[in-house]
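>>> Structure of the sequence below:
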Amino acid sequence: MEIWKQIPPDEPYCVLLGSVRDRLYNALFLEPLVLCYRSLCACGD
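This is a model prediction of the structure:
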């Protein structure tokens, strides 16, 4: 099963799960990187 495949818009349950998947991924991966970047910018490194 391909986790990042495109979700058909006519399947609302899949659209909902895809949205949850994307938010979870962003929270677990992107937010810590953004915080690290901001911290580096704040201390001048």
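
>>> where are the low-confidence patches of the chain?
1-4, 45 (pLDDT under 70).

>>> That one: helices as residue ranges?
Taking DSSP state H as the test, the helices found in the chain are 12-25, 31-43.

>>> Format those as a markdown table; extra columns: distance to Lys5 and mean neighbour count.
Where C-beta positions appear, they are placed from N, C-alpha and C, glycine not excepted. Shown next, in a markdown table, are the helices of the chain (distance: least, CB to CB, whole Å; neighbours: other CB atoms under 10 Å):
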| stretch | distance to Lys5 | mean neighbour count |
| --- | --- | --- |
| helix 12-25 | 9 | 12 |
| helix 31-43 | 24 | 9 |
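
>>> In contact with Val20, which residues?
Contacts for Val20 (CB atoms under 8 Å, 6 or more residues apart in numbering) come out as none.

>>> how near is it to Leu40?
Distance check for Val20 against Leu40: by CB to CB, to the nearest Å, it reads 30 Å.

>>> picking that back up, got the helices of the chain as a markdown table, with distance to Gln6 columns?
Output for the helices of the chain, formatted as a markdown table (distance: least, CB to CB, whole Å):
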| stretch | distance to Gln6 |
| --- | --- |
| helix 12-25 | 9 |
| helix 31-43 | 24 |
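
>>> and Ala27, how many neighbours?
10 (other CB atoms under 10 Å).

>>> so how far is Pro9 from it?
24 Å.

>>> Next, find the distance separating Leu30 from Lys5.
For Leu30 relative to Lys5 (CB to CB), the value is 20 Å.

>>> so how far is Val15 from the residue nearest in space to the middle of the chain?
Nearest to the mean C-alpha position of the chain, counting by CA atoms, centre = their mean, stands Asn26 at 2.2 Å. Distance, Asn26 to Val15, using CB to CB: 17 Å.

>>> now Tyr25
16 Å.

>>> now Leu30
Taking CB to CB, one finds Leu30 at 21 Å from Val15.

>>> starting at the chain centroid, how far to stretch 9-25?
Centroid displacement of stretch 9-25 relative to its chain, using CA atoms, centre = their mean, to the nearest Å, is 12 Å.
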